[in-house]
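> Structure, please.
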Amino acid sequence: MKHIRLSIERFWMEPGNFELWCELLSRIPKQTKAKSMKEIAALYLNKDVINKDKKLDYSKELFGLLGYEYFKRTTQFEIKGAFFFERVDKYLDLTEDGQKLVSSYRIGDGWELLLARQLLRFSPRVRVIIHLLLNGGHFITNGASLQYFGKWQLKMDNVLYHPFTSNPQKNDMNRLLKQFKVEALGIEWMKILQDKEIELEEGWSFIGAGGKEPALTNLTAFMRAPMQLFDYLDWFIEASEGRVTLNQEKMFHDICDLGLFFNITPLEAVDELHTLKETMDFLCDDRGFFPLEPALEQLLIKHYPTWEKGLSQFVDYYVTTGINKGLFTIVSCESGQPRHGRGYLGKREYQLIKLDIHQ
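Okay, the predicted model is just below:
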């Protein structure tokens, strides 16, 4: 396949109304009798799609709930939304992720993180932004708040991008989608392509649903929604006046498996592992076991001065993300003494551990 079609990603229309998708999904059965989003709106959301909203012009956020369409005969694959619906026997059914989001929303526990996680996995435009931020990029705000973030720029490796404008004369979103296409697509969509036995040609690219390039229509308005959700989750930090970076500690704490669907090369990873190795060598016994909590306390003090959640949560965060990112594996573990701390995930058998560091 030479091209992947990419629709306009229509998130919830009011940027701060994070629960809108959850509310809509909670009113729709797991298995529907609808073949289109227009039928979803009519059958389950009490919308007048005959007289008042024939083309769902007043309900555009519904299209963001879709997953993809694949036309095998013409070998066309189109990404349409955040993959809360999938087509099963011609009808649109809730995906497993959609069902989990609804369950979490109904009990009022953790639905914001599930929503954010879904966007990080399946939205190419969100993914390309976060990829740059995870790998050394930062926002330049030009004095504008997030409410006016169309003025924000993104800088990485001394190159300025303008991902939230609709000006193709600049380094806009489509330039990012072209330059970082693999990172924008991500492992989750690749798995679906593989399941469909779709092979991408070496020079493949994203194109629009009906044109040569993905549409930039209302890009600022649509992209504000996920960015405000991430800001609400405290994933953005104003590092200095006019400069906003990603709060990686908070993000990895909230999304423990983030390293499974992003290629991440933190700038301080080498220095952190060097500190860890030195501390391990100093504290370990003749068998190679070292007390986990005292060792990571030194790492916390030196490399994570903004961490505010305490040593125990840092231990859980650092070990979990380090394993997920392939930085090290736990070779062996055993219980120790009270002076050795609480242990990984609060388990006494992980008070003393032996690590195999991969870098």
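
> Contact partners for the residue nearest to Phe18 when sequence neighbours are not counted?
Distances taken as CB to CB, 6 or more residues apart in numbering put Leu229 closest to Phe18, at 5.4 Å, once the chain neighbours are dropped. (C-beta placed from N, C-alpha, C; glycine too.) By CB atoms under 8 Å, 6 or more residues apart in numbering, the contact set of Leu229 is Phe18, Glu112, Leu115, Ala116, Leu119.

> let's go with 10 Å and repeat that
Phe11, Trp12, Pro15, Gly16, Phe18, Glu112, Leu113, Leu115, Ala116, Leu119, Val126, Trp235 (CB atoms under 10 Å, 6 or more residues apart in numbering).

> can you put those residues in CSV and add neighbour count and pLDDT?
Shown next, in CSV, are the contacts of Leu229 (neighbours: other CB atoms under 10 Å; pLDDT from 0 to 100):
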residue, neighbour count, pLDDT
Phe11, 31, 93
Trp12, 24, 90
Pro15, 21, 70
Gly16, 13, 81
Phe18, 20, 93
Glu112, 18, 97
Leu113, 14, 97
Leu115, 25, 98
Ala116, 21, 97
Leu119, 21, 98
Val126, 25, 97
Trp235, 20, 95
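
> Next step: those residues restricted to helices.
Glu112, Leu113, Leu115, Ala116, Leu119, Val126 (DSSP state H).

> now the third one: how far from Gly136?
Right, the one you point to is Leu115. From Leu115 over to Gly136 the distance is 26 Å, taken as CB to CB, to the nearest Å.

> same deal with the fifth one?
With the distance defined as CB to CB, Leu119 ends up 21 Å from Gly136.

> same check, this time on the second one
With distances defined as CB to CB, the gap from Leu113 to Gly136 amounts to 25 Å.

> Next: the fourth one.
Relative to Gly136, Ala116 is positioned 21 Å away (criterion: CB to CB).

> Next: the last one.
From Val126 across to Gly136, the span is 18 Å (CB to CB).

> And stretch 172-184, what's buried?
Within stretch 172-184, the residues that qualify as buried are Asp172, Met173, Asn174, Arg175, Leu176, Leu177, Phe180, Lys181, Glu183, Ala184, counting by 16 or more other CB atoms under 10 Å.

> returning to what we had before: can the ones in helices among the contacts of Leu229 go into CSV with extra columns for distance to His274?
Putting the ones in helices among the contacts of Leu229 into CSV (distance: CB to CB, whole Å) gives the following:
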residue, distance to His274
Glu112, 36
Leu113, 32
Leu115, 37
Ala116, 32
Leu119, 34
Val126, 33
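
> nearest to Glu308, of these?
Distance to Glu308, by CB to CB, is smallest for Leu113 among the ones in helices among the contacts of Leu229, at 18.2 Å.

> Output the contacting helices and strands for whatever helix or strand Val102 lives in.
Using DSSP states H and E, Val102 falls within helix 96-107. Using 3 or more CB pairs under 10 Å, 6 or more residues apart in numbering; DSSP states H and E, the elements in contact with helix 96-107 are helix 20-25, strand 85-88, strand 91-94, helix 111-122.

> ok, and for that helix, which residues are buried?
Asp97, Gly98, Lys100, Leu101, Val102, Ser104, Tyr105.

> now do stretch 181-197
Lys181, Glu183, Ala184, Leu185, Gly186, Glu188, Trp189, Ile192, Leu193.

> Among the residues you listed, which ones are in helices?
Those of the buried residues of stretch 181-197 lying in helices (DSSP H): Lys181, Glu183, Ala184, Leu185, Gly186, Glu188, Trp189, Ile192, Leu193.

> between those, which is closest to Lys33?
Of these, the one sitting nearest to Lys33 (CB to CB) turns out to be Ile192, at 24.2 Å.

> Report the beta-bridge partner residues of the spatially closest residue to the closest one that is not a sequence neighbour.
Nearest residue to Ile192 in three dimensions, chain neighbours excluded: Tyr68, at 7.0 Å (CB to CB, 6+ apart). Counting by DSSP bridges, Tyr68 is bridged to Ile79.

> any idea how far Leu92 is from Tyr68?
Computed as CB to CB, the Tyr68 to Leu92 distance reads 12 Å.

> Around Ala215, how many other residues sit close by?
Residues lying near Ala215 (other CB atoms under 10 Å) number 17.

> Got the confidence number for it?
Note for Ala215: predicted pLDDT of 91.

> Verify the contact between it and Ile8 for me.
Yes - between Ala215 and Ile8 there is a contact under CB atoms under 10 Å: 5.1 Å.
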